[in-house]
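Undergrad: The amino acid sequence is not available; the structure is as follows:
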């Protein structure tokens, strides 16, 4: 299930999966809306019969000072980056609990390990997501459900490239590299869980 607030982008990825021989459905989804999440979960279980993995990857940001940050923008960032993963995790948890297996991977950020100016809502959401992820890890383990916080450094995606056109792309990592690392985590031995992993570019300049 490829879910995105922009269905055209979701369909593009879904079509690539189908062309490669896989099964895929593109879904329009605002992760902060419970009714949309529930509808997608129902579609997933109806089509595939089970849910083996959830990748919480939606994220937004706004680079402004706290004085300039509107209440509406604060809510939008928190709702997407933190409330969304909570809703999705809450909804898949019973399915994974029943089947006694499953893996939730939360795409966090190095913003959950440090701080810089003009990103108060983003930092709050990512520090919160890291805490949520570790709390779910403790709660899920008795049911053979794995939860991993994937802490990522800068990536070559519109999230950074569109907002910072002068950014040095040589210091960013290809999102395909992160996807391969997620695949590695998902293929860990059944008896092993990785609660947290950090992946940063080889030339990351903003992290030790």
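TA: The structure has been received and is ready for your questions. This is a predicted model, so every value here is computed, not measured.

Undergrad: Secondary structure element holding the residue of the chain most remote from its centre?
TA: The centre of the chain is farthest from one residue, residue 67, which by CA atoms, centre = their mean lies 28.0 Å away. Applying DSSP states H and E as the criterion places residue 67 outside every helix and strand.

Undergrad: gap between it and residue 177?
TA: Residue 67 sits at a distance of 37 Å from residue 177 (criterion: CB to CB, to the nearest Å). (C-beta placed from N, C-alpha, C; glycine too.)

Undergrad: Then residue 155?
TA: Distance, residue 155 to residue 177, by CB to CB: 8 Å.

Undergrad: And residue 86, by the same measure?
TA: According to CB to CB, residue 86 and residue 177 sit 27 Å apart.

Undergrad: for residue 27, same thing?
TA: Computed with CB to CB, the distance linking residue 27 and residue 177 is 26 Å.

Undergrad: now swap in residue 140 and tell me
TA: Separation of residue 140 from residue 177 (CB to CB): 27 Å.

Undergrad: Same question for residue 156.
TA: 10 Å.

Undergrad: do the same with residue 10
TA: For residue 10, the distance to residue 177 - CB to CB - is 22 Å.

Undergrad: if we can go back for a sec, neighbour count for residue 156 and residue 177, which is higher?
TA: Set residue 156 next to residue 177 and count neighbours by other CB atoms under 10 Å: residue 156 wins out with 18 against 15.

Undergrad: How about the contacts made by the more buried one?
TA: Residue 156 makes contact with 169, 172-175, according to CB atoms under 8 Å, 6 or more residues apart in numbering.

Undergrad: at 7 Å what do you get?
TA: Listed by CB atoms under 7 Å, 6 or more residues apart in numbering, the contact set of residue 156 reads 169, 172, 174-175.

Undergrad: Kindly report the same for residue 154.
TA: By CB under 7 Å, 6+ apart, the neighbours of residue 154 are 160, 171-173, 201, 204.

Undergrad: From those residues, list just the buried residues.
TA: The neighbour-count test (16 or more other CB atoms under 10 Å) marks 171-173, 201 as buried among the contacts of residue 154.
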